[in-house]
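Trainee: For reference, the sequence and a predicted model appear below.
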Amino acid sequence: MSAAMKLSISPGRVNFLVISLLVTLHLSLTTASIQRYFGSKTAYELIHPPPEIVIEDEFNSVQVGTFSCLAAHSSAVMRHGARYPGLEDVETISKIHNEIKDKLTIDKFQELKEWTNSFPRNDDKILMALGEDEHIHLGQRTARRLRSLFVDEDMENFRFLVSSKQRTQESGNAYYEGFLQALVGDTEEGDMDSELSDETLRFHERCQKYIRTVDKNKTAIKEFFKFRSGKEMTNILKKVSSKLGIPENLLKTENLRTMYLVCGYETALYQSSPWCSLFDEEDFKVLEYLSDLKHYYKNGPGHKITGVQSCPLVTDIFTTMDDAIEAMETEVDEEDLNGYILGNFYFGHAETIGPLYTALGLFNDTLPPTADNYEQQSSRLFRTSEILPFSANLMLILYECDQNDELLTESEAADETRETSQYMLRLYVNEKLMKIPGCEDFTCLYSHVRKRFVDLISCNFSQVCDYNDRPRDEL
């Protein structure tokens, strides 16, 4: 831009630019301050921003003592990407809006008064474009971090499992697209060849003990209902009613949760929402805790059966790794590696990955969250915004490790009884390295981990999920 053009900008235009910049900055700060509190409706990259640079082969090798290890197999379980709200939430928020819009007389809520429901009226909770992007990026990052394991391999050595829901299938397709882009630079390989497996990914619909004692039993989430009608939620109701200038009895505490959810959905989709303006940061923390209570007692450690029912998934993961080890142990040359799955990718739901966390012993707080200990739970491990957002993911990487003779002492090299090879395991949750429960270090012997979870690997699903109107000992 020339100097003459710069001088031609009027003071009014300068003021407009300054105001626009301040508004944009305010919106970004507002989004940044509340993005951590949307519970399981949090957009993945808002809470887990991807690195600017993904290091190629970052996960491919690791040194464990005198053993040099290379990745030999990866199994990843992923929740579907960001989705639209279901029919019940769409209809409920429209009813709430109709109740309050004509009673809004305060100018600062004009945007809320003129709000229109832009969500599709569907009951299948279809994937947003944002959800597709989340999985494209996940696929790209996984392929780059394990490039040496995956590159130049036949696609028959990869396995993709999806549930019967559109959102998991579309998430899988998006992941596959990003995966291929990172490996071969294009997607000319065609569509993803996937397996449909509700038995593995929607086990919560097949486990009668879980359905009867938890899913369809309101007392199983009694802490959620108790907190929803408790003092913290009642205080928010009074604050919101006062802000809007409406009678306190016009809204109920359960309406607050719907308004909070729509705030989350619209922030994921549009980066802002007029519904968010009704709450301050402390309100969001309370509403997040309400969401966490529901997930803790429905999809988390609150009841034993919730984790146990995931055994078909746990079995499938470990059986695939067993097969990989057997293939490596018996190989004569690379031509004989028939049936060796290098990458095992599952696309499920919050009801898939939450119970899996529980089965593995992850995010299990010493002090369980209840309706009465909100203040003590500020540092809880089970925070769904962090651990169970859209596109939440868990990855186990199996490593083949060989003794590095250069690192051995003279006495170690002379010891003919020493082990010369081992198989190790590492766990990544939402792309961050975590210790596997029961392991002292981040890299753990596969045999040790398998032994720890052997009851889940060998479980009889029909037996553990059998329900014959016995006393409800899960609650």
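Mentor: Yep, it's here.

Trainee: Does residue 381 touch residue 365 like I think?
Mentor: Yes. Between residue 381 and residue 365 there is a contact under C-beta atoms under 8 Å: 5.1 Å. No exception for glycine: its C-beta is placed from N, CA and C like everyone else's.

Trainee: quick one: the strands in the stretch 351-475 of the chain?
Mentor: In the stretch 351-475 of the chain, the segments counted as strands under DSSP state E, counting those that start in this stretch are 393-403, 421-429, 432-434, 444-445.

Trainee: pLDDT weak spots in this protein?
Mentor: 1-33, 186-190, 331-339, 405-420, 469-475 (pLDDT under 70).

Trainee: okay, the angle between whichever strand in it runs longest and strand 393-403?
Mentor: Within the chain, and with DSSP state E defining each element, the longest strand by residue count is strand 67-79. Relative orientation of strand 67-79 and strand 393-403, computed by axes from the mean of the first three to the mean of the last three C-alpha atoms, to 10 degrees: 170 degrees.

Trainee: Now do the buried residues in strand 67-79.
Mentor: Within strand 67-79, the residues that count as buried by 16 or more other C-beta atoms under 10 Å are 67, 68, 69, 71, 72, 73, 74, 75, 76, 77, 78, 79.

Trainee: So which elements touch the helix or strand following that strand?
Mentor: Downstream of strand 67-79, the next assigned helix or strand under DSSP states H and E is helix 87-100. Helix 87-100 sits against helix 253-270, with contacts defined as 3 or more C-beta pairs under 8 Å, 6 or more residues apart in numbering; DSSP states H and E.

Trainee: which other residues reach the helix it packs on?
Mentor: Residues outside helix 253-270 that contact it (C-beta atoms under 8 Å, 6 or more residues apart in numbering) are 31, 34-35, 38-39, 41-43, 46, 82, 84-85, 89, 92-93, 96, 119, 128, 130, 228-229, 233-234, 236-237, 240, 272-273, 275-276, 278-279, 284, 287, 290-291, 390.

Trainee: One more: stretch 206-226?
Mentor: Stretch 206-226 is contacted from outside by 198-199, 204-205, 290, 293-294, 296-298, 302-303, 305-306, 309, 369-372, 461, 464-467, 472, 474-475, using C-beta under 8 Å, 6+ apart.

Trainee: From those residues, keep the buried residues only.
Mentor: Neighbour counting with 16+ other C-beta under 10 Å marks 198, 204, 290, 293-294, 296-298, 302-303, 305-306, 309, 369-371, 461, 464-465, 474 as buried within these.

Trainee: any idea how far residue 210 is from the residue most central in space within the chain?
Mentor: Centroid check for the chain by C-alpha atoms, centre = their mean gives residue 392 as the closest residue, at 1.7 Å. Distance of residue 392 to residue 210, given as C-beta to C-beta, to the nearest Å: 20 Å.

Trainee: And residue 95, by the same measure?
Mentor: In terms of C-beta to C-beta, residue 95 sits 31 Å off from residue 210.

Trainee: what about these two, which has more around it?
Mentor: A direct count of neighbours by other C-beta atoms under 10 Å for residue 95 and residue 210 places residue 210 higher, at 28 against 10.

Trainee: is it true that that one lies in a strand?
Mentor: No. With DSSP: H, G, I helix; E, B strand; the rest coil as the criterion, residue 210 is located in helix rather than a strand.

Trainee: Residue 93 contacts residue 117, correct?
Mentor: Yes. Counting by C-beta under 8 Å, residue 93 touches residue 117, with 6.4 Å between them.

Trainee: Could you give the number of residues near residue 390?
Mentor: As a burial measure, residue 390 scores 29 neighbours (other C-beta under 10 Å).

Trainee: Any figure for the gap between it and residue 124?
Mentor: From residue 390 over to residue 124 the distance is 16 Å, taken as C-beta to C-beta.

Trainee: And the helices in the stretch 101-250 of the chain?
Mentor: Taking DSSP state H, counting those that start in this stretch, the helices of the stretch 101-250 of the chain run over residues 110-113, 129-145, 147-150, 166-184, 198-201, 208-210, 222-228, 231-244.

Trainee: can you list the ones you listed in CSV and add distance to residue 102?
Mentor: Shown next, in CSV, are the helices of the stretch 101-250 of the chain (distance: least, C-beta to C-beta, whole Å):
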stretch, distance to residue 102
helix 110-113, 8
helix 129-145, 33
helix 147-150, 58
helix 166-184, 36
helix 198-201, 45
helix 208-210, 44
helix 222-228, 27
helix 231-244, 12
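
Trainee: and of these, who's closest to residue 399?
Mentor: helix 147-150 (10.1 Å; C-beta to C-beta).

Trainee: in stretch 42-59, what counts as buried?
Mentor: Buried residues in stretch 42-59, counted by 16+ other C-beta under 10 Å: 42, 43, 44, 45, 46, 47, 48, 54, 59.

Trainee: residues making contact with it?
Mentor: Taking C-beta under 8 Å, 6+ apart as the rule, stretch 42-59 contacts 31, 35-36, 38, 71, 81-82, 130, 134, 137-138, 140-141, 144-148, 264, 267-268, 384-386, 389-392, 397, 426, 428, 430-431.

Trainee: Who are the contact partners of the residue nearest to residue 103 when sequence neighbours are not counted?
Mentor: Closest residue in space to residue 103, ignoring its immediate chain neighbours: residue 246 at 4.9 Å, by C-beta to C-beta, 6 or more residues apart in numbering. Counting by C-beta under 8 Å, 6+ apart, residue 246 makes contact with 100, 103, 104.

Trainee: and what of residue 73?
Mentor: Contact partners of residue 73, counting by C-beta under 8 Å, 6+ apart, are 149, 320, 321, 324, 341, 342, 343, 344, 397, 398.

Trainee: biggest separation within the residues you listed, which pair?
Mentor: Largest separation among the contacts of residue 73 by C-beta to C-beta: 149 and 320, giving 14.6 Å.

Trainee: list the contacts for residue 134?
Mentor: Contacts for residue 134 (C-beta under 8 Å, 6+ apart) come out as 43, 44, 45, 81, 82, 171, 174, 390, 391.

Trainee: Next, format these as JSON lines and append distance to residue 315.
Mentor: Below are these laid out as JSON lines (distance: C-beta to C-beta, whole Å):
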{"residue": "43", "distance to residue 315": "32"}
{"residue": "44", "distance to residue 315": "27"}
{"residue": "45", "distance to residue 315": "32"}
{"residue": "81", "distance to residue 315": "26"}
{"residue": "82", "distance to residue 315": "30"}
{"residue": "171", "distance to residue 315": "23"}
{"residue": "174", "distance to residue 315": "27"}
{"residue": "390", "distance to residue 315": "26"}
{"residue": "391", "distance to residue 315": "24"}
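
Trainee: That'll do, ta.
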